[in-house]
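Asker: build the 3D model from these lines:
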Amino acid sequence: AYAGTPSGSNQRIHWRARIRDEIGVVSEWSEATWFETGLRNEEQWQGARWISCTRQRSPELAPREPMGPWIGSAEQSASPLEFRTVFHLPETPVVYAGAWWGTSTATPVTCTVNGYGAKYTFRRVAPNYTDFAFNLRPGENTLSLQLPKSSTDCAITFGMRIVFADGTEQILRSSPQWTVASLPAQEICGYGASPHGVATVYSVAPLPATWYKTDFTVDHPVESARLMICGLGYHEPYLNGKKAGDHVLDPGQTDYEEVALYQVFDVTRLVQDGSNTLSVLLGDGWYNQDRGFCTPGLAYGKPGLRALLRLSLADGSTRTVITDDGWRWRASGTLRSNVYLGDHMDFRREHDEWTRPGFSDAWQPARIVPPLSPRLAAQDFPPTRKIRTLPPIKQWQIGDHTWVFDLGQNISGWVRLRIQEPEGSVVRV
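Answerer: Numbers count the residues shown, from 1 in each chain. Next up is the predicted model:
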């Protein structure tokens, strides 16, 4: 057992061990190795603050193009209301069927296709959108919107974009051809027009994953450099355009109201003489998991980060770079990032300004925010890593624009694609 003096923070400790067995035989010493201690208290963060972007959250609206007019009952109808339509599809497989709906009054809606509803496990407030691709079938289909607690004058709007394996599309919109409580519907107004305007499909719209960046200068040789960082939800830190470490999906999930985890990276080899840039890509992760299997009460808020870069210089001095209001932020091309629902990428918005010093006018000042968690602790378990690349064992085509790839096993990971398509093309995975 160790009986020496207590260790301090940011201290390298060398150690070795030997074993005494049950009859008193002592082994040879093991080879010496080492570990480094972390930050013990708040003061050792050297004034690093929690920062976030300055964007404000706003309601998520239905996309205008697929939405139909607002429709309601043409006659006095009994409550609850049910809006209903029958539509037909070809034999071609469906690969996507994004649906959005809205009501003129704040009332719960159950939307079903062929009896299958949009289910949101653990939700108290369900979003008014889903993908019905797995519930559609060739031939006749029935769509129903049930409003069990609505007033009889409630109006609805609906839109569904159906994409087939051959690349063709079919749009299903609300219209006077629908029925309400078995009676013909009537058009109240066009979508976006008075009195009902546009449909809010969720209380908050997703925010794009965000780049945060700061520049610093090094004018002495660096003996060691350690980056300590906590980005909630998920963070990826980079120094001079190169990723720090090999972790993915950091930090591990905790109860953020109690504690959050920070990671430590050895970035000595990434520091260069002269100008340097430290950048972090920050997405929703578990901290802002407000979609999929979640309730609004389990989403903690807008992502933010805290970081400390500690440089030990050859002249014996130390230098720190901390998160403060000198950092700047800019949205990335990842428009949505969700642990259950995946990412929405717009590669036209990607840029490489995070890889080098300097800022264009597109970068905006970050703001200091209250701590996103009351306590930070070092992550002391193995991180998630990319461990191997799996080529498909089989692939086949089910339409002019649709392929199926069989990897031979279930996976948790990413898809790597090489594509050459015109600008503005949509690729769904």
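Asker: contacts and neighbour counts: CA atoms only from here.
Answerer: OK.
Asker: my read is that N10 contacts R40, right?
Answerer: No - between N10 and R40 there is no contact under C-alpha atoms under 8 Å: 9.0 Å.
Asker: report pLDDT for the residue nearest to R16 when sequence neighbours are not counted.
Answerer: Leaving aside its chain neighbours, R16 sits nearest to A32 (4.7 Å; criterion: C-alpha to C-alpha, 6 or more residues apart in numbering). On pLDDT, A32 comes in at 94.
Asker: ok, now the one 10 residues further on?
Answerer: Confidence at E42, expressed as pLDDT, is 89.
Asker: the residue nearest to R16: how many residues sit nearby?
Answerer: 9 (other C-alpha atoms under 10 Å).
Asker: wait, isn't it in contact with H14?
Answerer: Yes - counting by C-alpha under 8 Å, A32 does reach H14; the two are 6.6 Å apart.
Asker: and E350, how far is that from V163?
Answerer: Distance, E350 to V163, by C-alpha to C-alpha, to the nearest Å: 26 Å.
Asker: neighbour count for the two, which is higher?
Answerer: In this view E350 and V163 are compared by other C-alpha under 10 Å, and V163 has more residues nearby, 19 against 12.
Asker: work out for me the element the more buried one sits within.
Answerer: Assigned by DSSP states H and E, V163 belongs to strand 156-164.
Asker: quick check: mean pLDDT across that strand?
Answerer: Rounded to a whole number, the mean pLDDT of strand 156-164 is 96.
Asker: quick one: residues in contact with that strand.
Answerer: For strand 156-164, the surrounding residues in contact (C-alpha atoms under 8 Å, 6 or more residues apart in numbering) are 66-72, 92-104, 133, 169-174, 191, 199, 399.
Asker: in strands only, show me those residues.
Answerer: Using DSSP state E, 70-72, 94-103, 169-173, 399 are the members of the contacts of strand 156-164 that sit in strands.
Asker: lowest-pLDDT helix or strand in the chain?
Answerer: Lowest on mean pLDDT, DSSP states H and E among the helices and strands of the chain sits strand 116-117, with a mean of 84.
Asker: can you list contacts of that one?
Answerer: By C-alpha under 8 Å, 6+ apart, strand 116-117 touches 110-111, 135.
Asker: quickly run through the sheet partners of it, with directions.
Answerer: Partner strands and pairing direction for strand 116-117 (DSSP bridges) are strand 110-113 (antiparallel).
Asker: chain center to the partner strand, what's the gap?
Answerer: Strand 110-113 sits 26 Å away from the centroid of its parent chain (C-alpha atoms, centre = their mean, to the nearest Å).
Asker: over to stretch 380-390?
Answerer: How far stretch 380-390 lies from its chain's middle: 19 Å, per C-alpha atoms, centre = their mean.
Asker: so the residue most central in space within the chain bridges to which residues?
Answerer: For the chain, the residue nearest the mean C-alpha position is S337 (2.4 Å; C-alpha atoms, centre = their mean). Counting by DSSP bridges, S337 is bridged to D343.
Asker: what of V218?
Answerer: Residues in beta-bridge contact with V218 (DSSP bridges): G274.
Asker: go ahead and confirm it touches T277.
Answerer: No - taking contacts as C-alpha under 8 Å, V218 lies outside contact range of T277: 10.8 Å.
Asker: which one of the two is surrounded by more residues?
Answerer: Ranked by neighbour count (other C-alpha under 10 Å), V218 and T277 place T277 first, with 21 against 15.
Asker: just checking, the more buried one is part of a helix?
Answerer: No - per DSSP: H, G, I helix; E, B strand; the rest coil, T277 lies outside any helix segment and is strand.
Asker: who are the contact partners of it?
Answerer: 213-216, 239-241, 354-357 are the contacts of T277 under C-alpha under 8 Å, 6+ apart.
Asker: just to revisit the earlier point, now the strand holding V163 against strand 94-103, angle please.
Answerer: Relative orientation of strand 156-164 versus strand 94-103 (axes from the mean of the first three to the mean of the last three C-alpha atoms, to 10 degrees): 170 degrees.
Asker: and the one helix or strand I13 maps to, what other elements does it pack with?
Answerer: Assessed by DSSP H and E, I13 sits inside strand 12-15. Secondary-structure packing of strand 12-15 (3 or more C-alpha pairs under 8 Å, 6 or more residues apart in numbering; DSSP states H and E): strand 33-36.
Asker: same for the strand it packs on, what does it pack against?
Answerer: For strand 33-36, the packing partners by 3+ C-alpha pairs under 8 Å, 6+ apart come out as strand 12-15.
Asker: quick one: strands adjacent to the strand it packs on?
Answerer: strand 33-36 (antiparallel).
Asker: got the CA coordinates for the strand it pairs with in PDB?
Answerer: In PDB, the C-alpha atoms belonging to strand 33-36 read as follows (Å, rounded to 0.1, in the frame of the first residue of the first chain):
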ATOM      1  CA  THR A  33       5.000   2.900 -15.500                       C
ATOM      2  CA  TRP A  34       3.200   6.200 -14.700                       C
ATOM      3  CA  PHE A  35      -0.100   8.000 -14.500                       C
ATOM      4  CA  GLU A  36      -1.100  11.700 -14.100                       C
END
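Asker: buried residues, that strand. List them.
Answerer: By neighbour count on 16 or more other C-alpha atoms under 10 Å, the buried set for strand 33-36 is empty.
Asker: so which residues of the stretch 101-250 of the chain form strands?
Answerer: Secondary structure of the stretch 101-250 of the chain (DSSP state E, counting those that start in this stretch): strands at 110-113, 116-117, 129-131, 139-147, 156-164, 169-173, 179-180, 183-189, 200-202, 210-218, 222-232, 234-239, 242-243, 247-248.
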